[in-house]
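Engineer: Need the 3D shape of this:
(chains A and B)
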There are 2 protein chains.
Amino acid sequence: MLDLYHAEPVANSMKSLLCLKEKGLEFRSHYVDLLRFEQHGEEFVKLNPNGQVPVLVHEGAVITESTVINEYLDDVFPDVPLRPENPVARARMRVWSKFVDEYFCPALSMWGWHLMVRRVAQSLSKNELDKVLERIPLKEQRDKWATIAGESFSEAQLEDSRRGLAVSIERMEKILAKFTWLAGSTYSLADVNSYSMVAGVPRMFPEIMNPRTTPLACAWLDTMNARPAVQAALAMPNKVPEVLRTFGG
Amino acid sequence: MLDLYHAEPVANSMKSLLCLKEKGLEFRSHYVDLLRFEQHGEEFVKLNPNGQVPVLVHEGAVITESTVINEYLDDVFPDVPLRPENPVARARMRVWSKFVDEYFCPALSMWGWHLMVRRVAQSLSKNELDKVLERIPLKEQRDKWATIAGESFSEAQLEDSRRGLAVSIERMEKILAKFTWLAGSTYSLADVNSYSMVAGVPRMFPEIMNPRTTPLACAWLDTMNARPAVQAALAMPNKVPEVLRTFGG
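Structural biologist: Reported below is the predicted structural model:
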């Protein structure tokens, strides 16, 4: 049996939800409510000491990191393959997924923290915030909470993240000028791992991604949105109030 | 035929050199002299637009990113396997390699820039530095050069990187309390990908890694140093003057 611990179908939770749906795998869904800070709770931290979603549990084995979870699912359930057969295309898949993790996602994430998590932090009293902070396992995460509860990121940092987003979408556009999918001629984890990062960009940053300047990225997103697995993943529970939904949902 | 474009056997170049040596693969070595900024040169940037080593060329296909290169080599030349058969151990290998890329290496790298690349930057005239800067493809790399040519990183940044190094070695120590190798019972890319990051730590940061407080990490390093493939990789050309060799060589 597969158990996935995940939050609403956006960001890294969406990456693994989409992979499971694409592969048609049955799994038990365990919703981790980030707005109630369940990811820092005692029970969850036993599962993932970093206090981060998603986490996959398969026959007692705990797998963390959405990118790794997705390769694991493809290793163990190869029936609907999501990695190209061709090793060069497979390397392209990994280079792109790495770029999403190390560059695209952090750029997007800063805006998510600034626009959404900041509102959550500001709704807490000093006392409540201190209690949240002291339960966060990773110093890097604690520091981010402290930043957004205070002055937030600087204008320069936010502008640099906006630039990073533009670089990411431009790189995508260039790849799609050569190939149908992000790793080549076959749909792969490169696409699965990108969907949740790209989905909100046209609405949040229309100057960066729009049908006129990045037509191929926009067409890719339309094609993705039409996939039954994407629709099935988007239909998973989402407890985030409308007012806080910036990028997804 | 395999062609590897690489610098001296440290850092990311070492990761792929070691993988090739472990697998006993013949390859043509192309030394890219980072101190002459050949990685930003016209010829090299045609190969890797990011201007970074190492780069593998195999039958016309260009593969970048040392972590991806090493999985590619294992995909194409599976004879001496460097990924565990067991998918859970394989996932551990990928989680650890990802941690090295996203956390351990950046922490170490800041000190490498501060102690070594800074001396290179300071040896250049303003005019020479400007010429170097304008050829660097990635803004992130240009920014780092500008930082170290100026005031360098702040004390707080350097301290945070020192903390990141300590976290990395502690995490390693915990893994090695459970397993022989970093991904489990078999030697794997988790070990290959870590060697060049760990190798200089006991000398540069004895307070972080020493036989008393981190005996298992130290024993792992001794075992690694005794491997013929490590010795063969370390014997590859190194044009860096002794005075600039901080972490490796």
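
Engineer: okay, CA-based contacts and neighbour counts for the rest of this
Structural biologist: Fine.

Engineer: contacting residues for the spatially closest residue to A:Asp75 that is not a sequence neighbour?
Structural biologist: Spatial nearest neighbour of A:Asp75, excluding adjacent residues (CA to CA, 6 or more residues apart in numbering or on different chains): B:Pro87 at 6.5 Å. The contact partners of B:Pro87, by CA atoms under 8 Å, 6 or more residues apart in numbering or on different chains, come to A:72, A:75-76.

Engineer: Which one (most neighbours) among the residues you listed?
Structural biologist: With neighbours taken as other CA atoms under 10 Å in any protein chain shown, the top of those is A:Tyr72, carrying 21 neighbours.

Engineer: Relative to A:Met1, how far out is that residue?
Structural biologist: According to CA to CA, to the nearest Å, A:Tyr72 stands 14 Å off from A:Met1.

Engineer: A:Ala235 now?
Structural biologist: Distance of A:Ala235 to A:Met1, computed by CA to CA: 22 Å.

Engineer: what's the lengthiest helix in chain A packed up against?
Structural biologist: The residue-count maximum for a helix in chain A (DSSP state H) belongs to helix A:155-178. Helix A:155-178 sits against helix A:105-112, helix A:215-225, with contacts defined as 3 or more CA pairs under 8 Å, 6 or more residues apart in numbering or on different chains; DSSP states H and E.

Engineer: Outside of that helix itself, list whatever touches it.
Structural biologist: Outside helix A:155-178, the residues touching it (CA under 8 Å, 6+ apart) are A:103-104, A:106-108, A:110-111, A:182, A:184, A:208-209, A:214-217.

Engineer: so for it, what's the average pLDDT?
Structural biologist: Throughout helix A:155-178, pLDDT has a mean value of 98.

Engineer: Can you get me the centre-to-centre distance for it and its chain?
Structural biologist: 16 Å (CA atoms, centre = their mean, to the nearest Å).

Engineer: That one to helix A:105-112, inter-axis angle?
Structural biologist: 130 degrees (axes from the mean of the first three to the mean of the last three CA atoms, to 10 degrees).

Engineer: just to revisit the earlier point, and the contacts of helix A:155-178, which are buried?
Structural biologist: Among the contacts of helix A:155-178, the ones that count as buried by 16 or more other CA atoms under 10 Å in any protein chain shown are A:103-104, A:106-108, A:110-111, A:182, A:184, A:208-209, A:214, A:216-217.

Engineer: can the residues you listed go into JSON lines with extra columns for distance to chain B and pLDDT?
Structural biologist: Output for these, formatted as JSON lines (distance: CA to the nearest CA, whole Å; pLDDT from 0 to 100):
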{"residue": "A:Tyr103", "distance to chain B": "10", "pLDDT": "97"}
{"residue": "A:Phe104", "distance to chain B": "13", "pLDDT": "98"}
{"residue": "A:Pro106", "distance to chain B": "11", "pLDDT": "97"}
{"residue": "A:Ala107", "distance to chain B": "13", "pLDDT": "97"}
{"residue": "A:Leu108", "distance to chain B": "17", "pLDDT": "96"}
{"residue": "A:Met110", "distance to chain B": "17", "pLDDT": "95"}
{"residue": "A:Trp111", "distance to chain B": "19", "pLDDT": "95"}
{"residue": "A:Leu182", "distance to chain B": "15", "pLDDT": "98"}
{"residue": "A:Gly184", "distance to chain B": "13", "pLDDT": "98"}
{"residue": "A:Ile208", "distance to chain B": "18", "pLDDT": "98"}
{"residue": "A:Met209", "distance to chain B": "21", "pLDDT": "98"}
{"residue": "A:Thr214", "distance to chain B": "21", "pLDDT": "98"}
{"residue": "A:Leu216", "distance to chain B": "21", "pLDDT": "98"}
{"residue": "A:Ala217", "distance to chain B": "21", "pLDDT": "98"}
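
Engineer: mind listing what A:Leu221 touches?
Structural biologist: A:195, A:198-199.

Engineer: how close does it sit to chain B?
Structural biologist: 26 Å (CA to the nearest CA, to the nearest Å).

Engineer: From A:Asn193, how far off is that residue?
Structural biologist: Applying CA to CA to A:Leu221 and A:Asn193 gives a distance of 13 Å.

Engineer: what pLDDT does A:Phe247 get?
Structural biologist: Note for A:Phe247: predicted pLDDT of 64.

Engineer: Also A:Pro241?
Structural biologist: Looking at A:Pro241, its pLDDT reads 88.

Engineer: ok, now A:Leu73?
Structural biologist: 98.

Engineer: Tell me the one among the buried ones among the contacts of helix A:155-178 nearest to B:Gln39.
Structural biologist: Comparing the buried ones among the contacts of helix A:155-178 against B:Gln39 with CA to CA places A:Tyr103 closest, at 20.9 Å.

Engineer: can you tell me which residues contact the closest one?
Structural biologist: Counting by CA under 8 Å, 6+ apart, A:Tyr103 makes contact with A:164, A:168.

Engineer: Repeat that for A:Thr246.
Structural biologist: So A:Thr246 contacts A:112, A:115-116, A:200, A:204 (CA under 8 Å, 6+ apart).

Engineer: Only the buried subset of those residues, as a ChimeraX command please.
Structural biologist: What follows is the ChimeraX syntax selecting those of those that are buried according to 16+ other CA under 10 Å:
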select /A:112,115,116,200
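
Engineer: any idea which helix or strand carries A:Pro202?
Structural biologist: Per DSSP states H and E, A:Pro202 falls inside helix A:201-204.

Engineer: no, scratch that, I was asking about A:Leu17
Structural biologist: Assigned by DSSP H and E, A:Leu17 falls in helix A:11-22.

Engineer: Mind giving me the packing neighbours of that helix?
Structural biologist: The helices and strands touching helix A:11-22, judged by 3+ CA pairs under 8 Å, 6+ apart, are helix A:66-76, helix A:189-198, helix A:228-234.

Engineer: in the following helix or strand past it, what's buried?
Structural biologist: Later in the chain than helix A:11-22, the nearest helix or strand by DSSP H and E is strand A:28-31. The neighbour-count check on strand A:28-31 (16+ other CA under 10 Å) flags A:29, A:31 as buried.

Engineer: per-residue confidence averaged over strand A:28-31?
Structural biologist: On average, the pLDDT along strand A:28-31 is 98.

Engineer: chain center to that strand: distance?
Structural biologist: Centroid separation between strand A:28-31 and its chain, computed with CA atoms, centre = their mean, is 17 Å.

Engineer: Now the element after that strand, going C-ward?
Structural biologist: Criterion used, DSSP H and E; the element after strand A:28-31 is helix A:42-47.

Engineer: Does chain B have contacts with the helix or strand following that following helix?
Structural biologist: Per DSSP H and E, the first helix or strand lying C-terminal to helix A:42-47 is strand A:55-58. No - figure legend: strand A:55-58 not in contact with chain B (CA under 8 Å from any CA of the partner chain); closest approach 9.3 Å.

Engineer: average pLDDT across strand A:55-58?
Structural biologist: Averaging pLDDT along strand A:55-58 yields 98.

Engineer: Pull out the buried residues from the helix or strand following that strand.
Structural biologist: Sequence order places strand A:61-64 as the next helix or strand after strand A:55-58, per DSSP H and E. For strand A:61-64, a neighbour-count test (16+ other CA under 10 Å) marks A:62-64 as buried.

Engineer: is any part of strand A:61-64 close to chain B?
Structural biologist: Yes - with CA under 8 Å from any CA as the criterion, chain B is reached by strand A:61-64 at A:61, A:63-64.

Engineer: Write out the residues of chain A neighbouring chain B.
Structural biologist: Near chain B, when you scan chain A using CA under 8 Å from any CA, you find A:61, A:63-65, A:68-69, A:71-72, A:75-76, A:87-88, A:90-92, A:94-95, A:102.

Engineer: who's in contact with A:Ser66?
Structural biologist: A:12-13, A:15-16, A:54-55.
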